[in-house]
Structures are given as structure tokens and as C-alpha cells.
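From the sequence below, what's the structure:
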Amino acid sequence: MQISRRLALTVGAGALTAAGALGIALPATTAAAVTAAPAVSVRSTVEVRTLSDDAVMRAAQAALAAATKDGQKVSVVVMDRSGLVRIALHSAGAGPQTDESAERKAFTAVSFGQATSALAARAGGDGPSIRDIPGTLFLGGGVPVVVDGAPIAGIGVGGAPSGDLDEKYAAAGAAALR
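Take a look at the predicted model:
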């Protein structure tokens, strides 16, 4: 609503300025109509499920705690269905590449609704494949958060010596949401 209101005021102010510069007299009702944005009734909406801020924190902290317990220095990313990073945690001493790795694994998991290790096993071949989609990473370490059969978030972990360990920690984050 605010965007529409600002747009109406901006367009209205420009129209008034242009009219004045051209010496065109506008009726008094025009200025009032321009400054009052019309009420907008939305007839088509979509319900989007997303994790609460508390759930995002719980998942990320659980994944990081699982890695820390095993002595691993990792990065953790929780991403929503639209690809927005909701939280990113980075262990002290984790490598600089771990942030991007965790983000791309979270993106891949939420995009395809499957663990990245399962996707990696099927995304081979010599020709073009889903591996070519920008932002994806087909290594173990990403798990989706699924509600009623649809992915609503992805948890990605990067930095452990293997994708299996990264995925174990990401799964610990998802388990914290149950």
C-alpha cells in the first residue's frame, strides 16, 4: 500500500508541476484527487508459509551446535522459499569459502525440496543438467524444511571435511524444528 501511495503522490506532483509549467489551470478537485490515494481491494492473494524468526534461530543454532560438538568449524545458512537468507552463522575459524557453500546448499535444497546429497547422486551426465543452474551446489550439506509436502526453507552447512558431515549438521538444524 505504501508503494502505491508514494507512486500516486509522485506521479500527481509531477503532473501538477508539469501542468503549472505549461500554464495549464487544473480544477481544484484534481489536486485533492492526486493527494488521496485510492483504496485498493486485493482479490487475488497467495498464502506463503515461512519459518518464524524464532524457528530460524533455533534451526541455525542447532546446526552450529552439532558441528561445534564434533569440533568442526562451519557456516550455516537458513534460507526461505523465495531465496532470501534469513540467517547466516559463521564459526570462528571457519574458512571464507564456507559461507558461499552453505548458502548455495540451502538454495539448492529449498529449490528442489530434497537433500543436496540425494540430488548430487542424480545430477550427473555429460550434457546440460540442473547442475548448470546458477546458485546451486550439488554436494552434501543442504536439507529442505518441508511442510505439507512443500519446501518452505533450506538449511545449508559448509566447512566440515565431507558433505556427509555437513548434511548431518543441517539435519540437526531441521530436527530442532520438530
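
Stretch 120-132: how far from the chain's middle?
Taking C-alpha atoms, centre = their mean, to the nearest Å, one finds stretch 120-132 lying 24 Å from the centre of the chain it belongs to.

wait, stretch 59-68
In terms of C-alpha atoms, centre = their mean, the gap separating the centre of stretch 59-68 from the centre of its chain is 19 Å.

again with stretch 41-60
With C-alpha atoms, centre = their mean as the basis, stretch 41-60 stands 11 Å off its chain's centre.

Residues contacting it, please?
For stretch 41-60, contacts defined as C-beta atoms under 8 Å, 6 or more residues apart in numbering pick out 76-78, 80-82, 86-89, 145, 147, 150, 152-153, 155, 173-174, 176-177. Backbone N, C-alpha and C define where each C-beta goes, glycine included.

Can you report how many residues lie near the closest residue to I152 other than its chain neighbours?
Leaving aside its sequence neighbours, I152 sits nearest to R49 (C-beta to C-beta, 6 or more residues apart in numbering; 4.8 Å). R49 has 13 neighbouring residues, counting by other C-beta atoms under 10 Å.

Where does R49 fall, secondary structure wise?
Taking DSSP states H and E as the criterion, no element holds R49; it sits outside all helices and strands.

cool, Q61 as well?
helix 53-69.

Let me know the next secondary structure element after that helix.
Moving toward the C-terminus from helix 53-69, the next helix or strand (DSSP H and E) is strand 75-80.

in that following strand, what counts as buried?
Residues 75-80 are the ones in strand 75-80 that count as buried (16 or more other C-beta atoms under 10 Å).

Which one of the residues you listed is nearest to T98?
Out of the buried residues of strand 75-80, the one with the shortest distance to T98 is S75. That distance is 3.9 Å, counting by C-beta to C-beta.

Show me this structure divided up by domain.
2-35, 53-175 (automatic domain parsing).

Any stretches of the protein with poor pLDDT?
Counting by pLDDT under 70, the ranges of the chain that qualify are 1-37.

Walking through it, point out its helices one by one.
With DSSP state H, the ranges of helices along the chain come out as 2-21, 28-35, 53-69, 97-112, 116-122, 163-175.

Residues in contact with the last one: which ones?
It refers to helix 163-175. Contacts made with helix 163-175 from outside it, assessed by C-beta under 8 Å, 6+ apart, are listed as 59-60, 62-67, 70, 72, 74, 76, 78, 105, 109, 115-117, 120, 139-145, 155-160.

just the buried members of the residues you listed?
59-60, 62-64, 66-67, 72, 74, 76, 78, 105, 109, 115-117, 120, 139-145, 155-160.

ok, now how distant is S111 from P151?
With distances defined as C-beta to C-beta, to the nearest Å, the gap from S111 to P151 amounts to 8 Å.

Distance-wise, check the nearest residue to T116 once chain neighbours are set aside relative to G158.
Using C-beta to C-beta, 6+ apart and skipping residues adjacent in sequence, the residue nearest T116 is G142, 3.7 Å away. G142 is 9 Å from G158, where distance means C-beta to C-beta.
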